[in-house]
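>>> 3D, please:
(chains A and B)
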Amino acid sequence: MSDFYAANLVLIQSTFIGILLALSVQVPMRAGVFSFAGAGSYGIGAYVSAILVLKTGMPSLLAILISGIVAMVVGLLLGLLVAHLGGLYLAMATVSFDLIVSVLAINGGDLTGGVTGLFGVLSDVTIFHLIGLALLGIVGVALTERGRVGRRVDAVRDDPELAQSVGISVRRYRLAAFVVSGLLGSVAGSLNSLVRSTISPSDIGFSLIVLALTMIIVGGAQSWKGAVLGAVIFTWLPPLLAGFGQLQHVVYGVIVATAAIFVPGGLYGIYSEARYRRTRAKRKPPQGEAPAHEQALAISVPNGDAGRSA
Amino acid sequence: MLQDLLGALGLASIYLLFALGMSLTWGTIDILNFSHGSIFMFSAFTAHLLIPYVPMGFVGVALVCIVVGALMSLLVQVVAFEQIIKRARNRNTAERQILIGGIGVAIIPLAIAQEVTKSNPFGFIDSGFEVTTWTFMGLRGTNILLITLTAAAALAVGTAMWLRRSRHGLALRSIGVDSEVSAMMGVDRRRLAIVTMAVSGGLAGLAACLFTYTLGAITPESGDTLLIKAFACIILGGVGSTGGVVLGSVLLAVTETVVLTRTSGLWVEAVAFGLIFLVLLVKPSGLFGRKEVRRT
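Residues are numbered from 1 along each chain as shown, chains lettered A, B, ... in the order given. From the prediction side, this is the model:
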């Protein structure tokens, strides 16, 4: 076990960072906000905490906290700015936001280290910090998927007009999605630069957006379980694919493309749909008005249907 | 000053050729193709691989690029986008899945090119075509610059005319306005979509050919950057307007040239992203955009 741990330390660390990154994209998606701002917040977190630790020698956890607050404020401002946008326009505005963050990092002079970035960020972050913060993130997000809040978020995503009409402030929930996404992304970025002790603009470019997105596509955007699943898969898949030799990146691409095209709900979507089918089969009445009953069920149980969307 | 303007126009022409294809599919059949950048890169890459074996000259290279681009685009449409549209519950999900699916598909050609070139730049060396320079009234340029300017102008006008005058164009525009009614009028959406995607891919291929000759070499990742820039050009002018794309490309290229020559550092990359943000905040329909006709 300890051999395995030592040999795969980098991957184990990346797994927890990946989980937080994936959650930062999954949270807004679940609320019906097609935003990639999590990747930009990752960049903000990575740079702010690296700068704080490097220039002031601040304790790591405090640096993570401060950069988290910075990213939340930026997330709120971004959310207010793009409040009237939807669909593709919102997606592209947030992609631009992410890329602007990376251009700022390139042009930040001594503060951000320019193209080469910052290195020698020595910190006392251990694997326990990583596990703890990732668990905190998971539990926090999982709580918003349950009970009253969970149902409200579902309503805001599936039918904003209806949600508004029953007194749910759609605007507030959307803004909250930006803020939470900012916090999660920032913590992921902070942990990354503190654990790796280095950060450069190439770590936060377009490829980071693609990585976060692939985690969500393959895992599923409907639940935190999908995000965790996606993060685990895409952290461990590349080394496993090394067996394909030269073809590994192509195989990786094929997996992502296939998932995006044929499994829009991700792996979690398949699971939740299967569970829905099983429970429905059990509940089937002996005979008689089965079709009508089934129709009613199909409408009243949102989970199976939702699994197919997003 | 005039020299900079000429350079800016050359850059604008590349942006235009690339963005024209994206704008064509987005404005008519509602497909924002995020694998356009990969198709662009891979068509030049195929020509690069073929050059040592087949003597082609400029026309040959351009043809290879155009054909590869068109075929890839067609393949993406049939294998990816048609399947997504078939499975999507409504327009919004389809729109989103097409964006995601495009990003997913784009990984494959990129991975192949990165693997073969080891992420090094590649070009058309010994293609049998020499890039020569000329001087005219104090302005310096290359023969490839002239070809680029001419091709961009001709194709922009051609596309606009095709959309406005031909029966194909009429059918395409009708899909853009109301796909159900156009289907009732006998428009075969599937066939038209495939043709449009192929044309769009051909434009990407031509842009790739000219871009590679202009720069001498491109990297496998250069498609990604152009993708965002083309998006900026399109929304700046307004989705669905060919004139808008022309204006957007020229504006972006001129702004970038000004930023590049007047400031130090690498701020030029921020221009496109900043413009996207600004346009979306101030006037999401763009400068020339038709009022969005939302089909529910």
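>>> all helices of chain B, in order?
Listed in chain order, the helices found in chain B under DSSP state H are B:2-28, B:36-50, B:57-76, B:82-87, B:91-117, B:143-165, B:167-177, B:179-184, B:189-215, B:222-237, B:242-262, B:268-282.
>>> er, the stretch 101-250 of chain A I mean
With helices called from DSSP state H, counting those that start in this stretch, the stretch 101-250 of chain A shows them at A:127-143, A:147-158, A:160-165, A:170-196, A:206-219, A:224-241, A:248-262.
>>> picking up where we left off before, put together TSV for the helices of chain B, with mean neighbour count on each row.
Backbone N, C-alpha and C define where each C-beta goes, glycine included. Converted to TSV, those look like this (neighbours: other C-beta atoms under 10 Å in any protein chain shown):
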stretch	mean neighbour count
helix B:2-28	23
helix B:36-50	27
helix B:57-76	21
helix B:82-87	16
helix B:91-117	22
helix B:143-165	17
helix B:167-177	17
helix B:179-184	13
helix B:189-215	24
helix B:222-237	25
helix B:242-262	21
helix B:268-282	20
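>>> List just the one of those that sits closest to residue A:200.
The stretch from these with the least distance to residue A:200 (C-beta to C-beta) is helix B:268-282; that distance is 15.2 Å.
>>> My guess is residue A:211 contacts residue A:233. True?
No - because the distance of 11.7 Å does not satisfy C-beta atoms under 8 Å, residue A:211 is recorded as not touching residue A:233.
>>> Chain A contacts on the stretch 151-296 of chain B?
Taking C-beta under 8 Å from any C-beta of the partner chain as the criterion, the stretch 151-296 of chain B approaches chain A at residues B:224, B:228, B:231, B:235, B:265-267, B:269-270, B:272-274, B:276-277, B:280-281, B:284.
>>> Other residues contacting stretch B:24-32?
A:88, B:22, B:33, B:77, B:81, B:91, B:94-95, B:98-99, B:102, B:159, B:163, B:172-173, B:175-176, B:189, B:192-193, B:196-197, B:199-200, B:203, B:234, B:239-241 (C-beta atoms under 8 Å, 6 or more residues apart in numbering or on different chains).
>>> Determine how far that stretch lies from the middle of the whole chain.
A distance of 12 Å separates the centroid of the chain from that of stretch B:24-32, by C-alpha atoms, centre = their mean, to the nearest Å.
>>> how far does that stretch stretch from start to finish?
Start-to-end span of stretch B:24-32 (C-alpha to C-alpha, to the nearest Å) is 9 Å.
>>> where does chain A dip in pLDDT?
A:1, A:284-310 (pLDDT under 70).
>>> how's it carved up into domains?
Structural domains of chain A, as assigned by automatic domain parsing, span the residue ranges A:2-247, A:266-308.
>>> quick one: which of those domains is nearest residue B:151?
Comparing these by their distance to residue B:151 (C-beta to C-beta), the top pick is domain A:2-247, with 27.4 Å.
>>> Next, the distance between the ends of that closest one.
For domain A:2-247, by C-alpha to C-alpha, the gap between its terminal residues amounts to 31 Å.
>>> check whether that domain contacts chain B.
Yes - remark: domain A:2-247 sits within contact range of chain B at A:34, A:81-82, A:84-85, A:87-89, A:91-93, A:95-97, A:99-100, A:103-104, A:106-107, A:115, A:206, A:210, A:213-214, A:217, A:246-247, by C-beta under 8 Å from any C-beta.
>>> Endpoint to endpoint, stretch B:110-125 covers what distance?
The first and final residues of stretch B:110-125 sit 21 Å from each other (C-alpha to C-alpha).
>>> about what we covered before: columns mean neighbour count on top of the helices of the stretch 101-250 of chain A, output as JSON lines?
Converted to JSON lines, the helices of the stretch 101-250 of chain A look like this (neighbours: other C-beta under 10 Å):
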{"stretch": "helix A:127-143", "mean neighbour count": "16"}
{"stretch": "helix A:147-158", "mean neighbour count": "17"}
{"stretch": "helix A:160-165", "mean neighbour count": "14"}
{"stretch": "helix A:170-196", "mean neighbour count": "26"}
{"stretch": "helix A:206-219", "mean neighbour count": "24"}
{"stretch": "helix A:224-241", "mean neighbour count": "21"}
{"stretch": "helix A:248-262", "mean neighbour count": "20"}
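>>> possible to save these as a markdown table with distance to residue A:69?
Putting those into a markdown table (distance: least, C-beta to C-beta, whole Å) gives the following:
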| stretch | distance to residue A:69 |
| --- | --- |
| helix A:127-143 | 15 |
| helix A:147-158 | 22 |
| helix A:160-165 | 29 |
| helix A:170-196 | 8 |
| helix A:206-219 | 22 |
| helix A:224-241 | 23 |
| helix A:248-262 | 34 |
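>>> Residue B:115 is in contact with residue A:249, correct?
Yes - with contact defined as C-beta under 8 Å, residue A:249 reaches residue B:115; the gap is 6.0 Å.
>>> ok, now which ones touch the residue nearest the centre of chain B?
Computing the C-alpha centroid of chain B and ranking residues by C-alpha atoms, centre = their mean puts residue B:18 first, at 2.1 Å. When the contact criterion is C-beta under 8 Å, 6+ apart, the partners of residue B:18 are B:36, B:40, B:203-204, B:207, B:211, B:226, B:229-230.
>>> Low-confidence ranges, chain B, go.
Screening chain B residue by residue with the criterion pLDDT under 70, one finds the ranges B:265, B:289-296.
>>> Contacts for stretch B:154-166, please.
Stretch B:154-166 has contacts (C-beta under 8 Å, 6+ apart) with B:16-17, B:20, B:24, B:28, B:168-169, B:172-173, B:203, B:206, B:242-243, B:245-246.
>>> repeat for stretch B:217-228
Applying C-beta under 8 Å, 6+ apart, the set of residues contacting stretch B:217-228 from outside is A:95-96, A:99, A:206, B:15, B:18, B:22, B:34, B:36-41, B:44-45, B:106, B:110, B:113-114, B:117, B:119-123, B:208, B:211-212, B:269, B:272-273, B:276.
>>> ok, residue A:2 to chain B distance?
Distance, residue A:2 to chain B, using C-beta to the nearest C-beta, to the nearest Å: 35 Å.
>>> Neighbours of that residue, how many?
Around residue A:2 sit 6 other residues, with neighbours defined as other C-beta atoms under 10 Å in any protein chain shown.
>>> Just flag the most distant two among the contacts of residue B:18.
Of all pairs drawn from the contacts of residue B:18, the greatest distance, 15.1 Å, lies between B:203 and B:229 (C-beta to C-beta).
>>> what's the closest non-adjacent residue to residue A:20?
Spatially, and ignoring its direct neighbours in sequence, residue A:20 is nearest to residue A:188 (3.6 Å; C-beta to C-beta, 6 or more residues apart in numbering or on different chains).
>>> One more: residue B:20?
The shortest distance from residue B:20 to any residue other than its chain neighbours is 5.3 Å, reached at residue B:203 (C-beta to C-beta, 6+ apart).
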